[in-house]
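Trainee: here is my input; please provide its structure:
(one chain, ligands or ions: 1)
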Amino acid sequence: MSDEPQRVFAPADETGPPGPARIIDLMAGYMVSKTLFAAIEVGLFAAADTARTPAELGERCGIPERSARAMADLLADAGVLVRDGDRFRNAPDAETFLAGRTPFDMRPLARYWDLVSYPAWTHATEAFRTRRGVRPELDKIQTEAYEAAVALVTAETAADLARAYDFGPHRRLLDVGGGIGTFVRPILAAHGHLTATLVDLPQVAAVVPPADRLTAVGADLFTDPLPGGHDVVLVANVLHLFPPEQITALLRRLREVIAPDGRLLLVDWWRTERVPHPSARFGAGEFLMIGGGDLYQVDEVAGWLAETGWRYTGVQPLPAPSGVILAQP
Ligand SMILES: C[S@@+](CC[C@H](N)C(=O)[O-])C[C@H]1O[C@@H](n2cnc3c(N)ncnc32)[C@H](O)[C@@H]1O
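Mentor: Model (predicted):
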């Protein structure tokens, strides 16, 4: 054994023994994320439309030049800024998604990860040990950040479902945990004969934008009475938030309120393969932090449906990573 200390910051050498560089990058990943969130928040990408010095960036963002330089150095290293001498400008993806100048604006997702998700992940070890959610109750600003990010991520699946599933035979839709109406809105728009009830927590139901043929009800899915008389019940991106015992409790409650000839649609990032779809790779951890949930297998959901009085009738794929599990009483 040599007495030489291990060189922690030695560059990786592909021909020699493994170096720690990749591990260091992974361990420090949160510093890159937090710098990215801060840069978005102060408007660094909005300011870097063209090559600018740290002094110019600092001036435009209202932050000290040294902070602008520290952020720009790390973000250039991460590839979202391009270094041009002593100046920095947006890389093409940062200009498209982070500068607020195009319709596809990813900043709401960053805001959610920064304000809501990151604080929960500081308790990750506890969550992985106990399988209990560690996300504290959300305040108004966090609730809005969460719902805006969910809407950004789920809007395309909502449009896919409105096209792919035949709502023709149904009359009354119940959207369970419907958020701000990301699913119900395109479904109602595409199917003029439907009326809908959206149920979500009172603080969310209160901010659902009004729409024709839509009633928003504030209720806790586990403790409050659920509205009855609906012949199609949609549960989109909700079951993944909860552990199996809460999922079966909810499925039992929905079984009690659905019309006898109704259909249950469970939209989620269902796992059909052993390896999660790459777009869903953060899901298992994130859903655990939120409420003790997981990325669930279709087979296990089919088992819970049978346990709670439903007949599983199949799974209809939607563009990956989503799918809709179909069941009836
Ligand atoms: C991931 S979001 C899905 C929103 C919407 N279905 C979509 O896919 O865009 C989960 C929703 O479930 C709601 N939710 C979570 N726990 C709930 C509970 N106990 N009672 C009512 N709603 C709940 C949240 O407020 C949130 O709007």
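Trainee: burial measure for T143, as a count.
Mentor: Residues near T143, counting by other C-beta atoms under 10 Å, number 17. (C-beta placed from N, C-alpha, C; glycine too.)
Trainee: from the contact counts, what lies against the helix or strand hosting it?
Mentor: Using DSSP states H and E, T143 maps to helix 140-164. Judged by 3 or more C-beta pairs under 8 Å, 6 or more residues apart in numbering; DSSP states H and E, the packing partners of helix 140-164 are helix 107-112, helix 184-190, helix 202-205, strand 230-236, strand 258-268.
Trainee: quick one: mean pLDDT for the following helix or strand past it?
Mentor: Sequence order places strand 172-176 as the next helix or strand after helix 140-164, per DSSP H and E. For strand 172-176, mean pLDDT is 98.
Trainee: thinking again about what came up before, same list, the helices and strands packed on helix 140-164, but as TSV with distance to R252 and mean neighbour count please.
Mentor: Formatted as TSV, the helices and strands packed on helix 140-164 follow (distance: least, C-beta to C-beta, whole Å; neighbours: other C-beta atoms under 10 Å):
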stretch	distance to R252	mean neighbour count
helix 107-112	31	20
helix 184-190	23	20
helix 202-205	22	17
strand 230-236	13	23
strand 258-268	11	20
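Trainee: would you list the ones you listed in TSV and tack on mean pLDDT and distance to R89?
Mentor: Formatted as TSV, the helices and strands packed on helix 140-164 follow (pLDDT from 0 to 100; distance: least, C-beta to C-beta, whole Å):
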stretch	mean pLDDT	distance to R89
helix 107-112	96	18
helix 184-190	96	37
helix 202-205	95	39
strand 230-236	98	39
strand 258-268	97	40
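Trainee: select, out of these, the one closest to Y146.
Mentor: Ranking those by proximity to Y146 (C-beta to C-beta) places helix 107-112 first, at 5.6 Å.
Trainee: using CSV, write out every CA atom in that closest one.
Mentor: As requested, the backbone C-alpha atoms of helix 107-112 are provided in CSV (Å, rounded to 0.1, in the frame of the first residue of the first chain):
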residue,chain,number,x,y,z
ARG,A,107,-39.5,27.5,-15.7
PRO,A,108,-42.7,26.3,-13.8
LEU,A,109,-41.1,22.9,-13.4
ALA,A,110,-37.9,24.4,-12.0
ARG,A,111,-39.9,26.5,-9.6
TYR,A,112,-41.7,23.4,-8.3
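Trainee: that one vs the ligand: in contact?
Mentor: No. Helix 107-112 lies apart from the ligand when judged by C-beta under 6 Å from any ligand atom; the minimum separation is 10.6 Å.
Trainee: chain center to that helix, what's the gap?
Mentor: 10 Å (C-alpha atoms, centre = their mean, to the nearest Å).
Trainee: domain-wise, how is the chain divided?
Mentor: Split into domains by automatic domain parsing, the chain comes to 21-103, 120-328.
Trainee: now those domains in JSON lines, with distance to the ligand?
Mentor: Output for these, formatted as JSON lines (distance: least, C-beta to the nearest ligand atom, whole Å):
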{"stretch": "domain 21-103", "distance to the ligand": "19"}
{"stretch": "domain 120-328", "distance to the ligand": "3"}
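Trainee: so can I have JSON lines of those showing distance to F9?
Mentor: Below are the domains of the chain laid out as JSON lines (distance: least, C-beta to C-beta, whole Å):
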{"stretch": "domain 21-103", "distance to F9": "7"}
{"stretch": "domain 120-328", "distance to F9": "26"}
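Trainee: which residues in the stretch 201-329 of the chain form helices?
Mentor: For the stretch 201-329 of the chain, the helices defined by DSSP state H, counting those that start in this stretch cover 202-205, 244-257, 283-291, 298-307.
Trainee: now render these as CSV, adding distance to D105.
Mentor: Listed next are these as CSV, based on distance: least, C-beta to C-beta, whole Å:
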stretch, distance to D105
helix 202-205, 22
helix 244-257, 33
helix 283-291, 21
helix 298-307, 33
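Trainee: closest one to A10 among these?
Mentor: Nearest to A10, of those and by C-beta to C-beta, is helix 283-291 at 30.5 Å.
Trainee: got the CA coordinates for that closest one in PDB?
Mentor: Extracted in PDB, the C-alpha atoms of helix 283-291 (Å, rounded to 0.1, in the frame of the first residue of the first chain):
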ATOM      1  CA  GLY A 283     -40.900   9.200 -10.500                       C
ATOM      2  CA  ALA A 284     -40.300   6.400  -8.000                       C
ATOM      3  CA  GLY A 285     -38.200   8.700  -5.700                       C
ATOM      4  CA  GLU A 286     -40.400  11.800  -6.200                       C
ATOM      5  CA  PHE A 287     -43.700  10.000  -5.500                       C
ATOM      6  CA  LEU A 288     -42.200   8.400  -2.400                       C
ATOM      7  CA  MET A 289     -41.100  11.900  -1.000                       C
ATOM      8  CA  ILE A 290     -44.600  13.300  -1.700                       C
ATOM      9  CA  GLY A 291     -46.800  10.800  -0.100                       C
END
